[in-house]
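[1] Here you go, sequence then predicted model.
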Amino acid sequence: MTGFILRAVIAALGLWLATEWVNGVHIESAGSLVIAGILLGVVNAVIRPLAIILTFPLTIVTLGLFLLIVNAGMVALVAWLLPGFNLDGFGPAFWSALIVSLTSWVASWFIGPKGRIEVVKR
């Protein structure tokens with residue numbers, strides 16, 4: 001449970017960065033931002049694996065680049081479900097998904113599989 005909450009906070013951080021850096025991404029309040037992070041975590045845990053399985057042949061043909069489109073679709077789905085989160089089109093969804101992915105990737109260097117912050121000592 002701690003891992004899910006920590007990853008939802010990281011997703012919310014990525015969405016906040018997207019609202020600051022990408023034109024066309026609007027989140028009305030901090031509460032909407034937190035709910036969007038949690039909802040993005042749920043969507044990525046439940047719907048994204050199904051979308052990846054259904055689009056597997058296209059992902060193979062595009063050498064994995066279609067996963068960027070799937071991620072943009074997940075962000076757009078969260079924006080569609082949440083009233084306080086608005087996107088102005090596919091472009092902002094794509095760039096915000098890329099920012100959230102990079103934020104999560106960098107944060108996962110420091111977070112272990114159980115959701116604990118890890119320090120590597122040599």
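    Thanks, I have it.
[2] In the chain, which residue is most central in space?
    With distances taken as Cα atoms, centre = their mean, residue 100 lies nearest the centre of the chain, 4.7 Å away.
[3] mind checking how far the closest residue to it other than its chain neighbours is from residue 109?
    Computed as Cβ to Cβ, 6 or more residues apart in numbering, the closest residue to residue 100 that is not its neighbour in sequence is residue 14, at 3.5 Å. Placement of C-beta: from N, CA and C, glycine included. For residue 14, the distance to residue 109 equals 14 Å [Cβ to Cβ, to the nearest Å].
[4] Over to residue 122?
    Residue 122 is 15 Å from residue 109, by Cβ to Cβ.
[5] remind me which residues of the protein are low pLDDT?
    Along the chain, segments meeting pLDDT under 70 span 1, 112-120.
[6] Quick one: the strands in it, in order.
    Shown for the chain, the strands assigned by DSSP state E span residues 25-27, 85-87.
[7] strands paired with the first one, and their directions?
    So that's strand 25-27. Within its sheet, and counting by DSSP bridges, strand 25-27 is paired with strand 85-87 (antiparallel).
[8] For residue 109, see how far away the residue nearest to the centre of the chain is.
    16 Å.
[9] Same check on residue 88?
    Counting by Cβ to Cβ, the gap from residue 88 to residue 109 is 32 Å.
[10] and the two? which has more neighbours close in?
    residue 88 (13 against 8; other Cβ atoms under 10 Å).
[11] what's near enough to touch the closest residue to the more buried one other than its chain neighbours?
    Once flanking residues are discounted, residue 88 sits nearest to residue 24: 3.4 Å by Cβ to Cβ, 6+ apart. Residues near residue 24 by Cβ atoms under 8 Å, 6 or more residues apart in numbering: 87, 88, 89, 91, 92.
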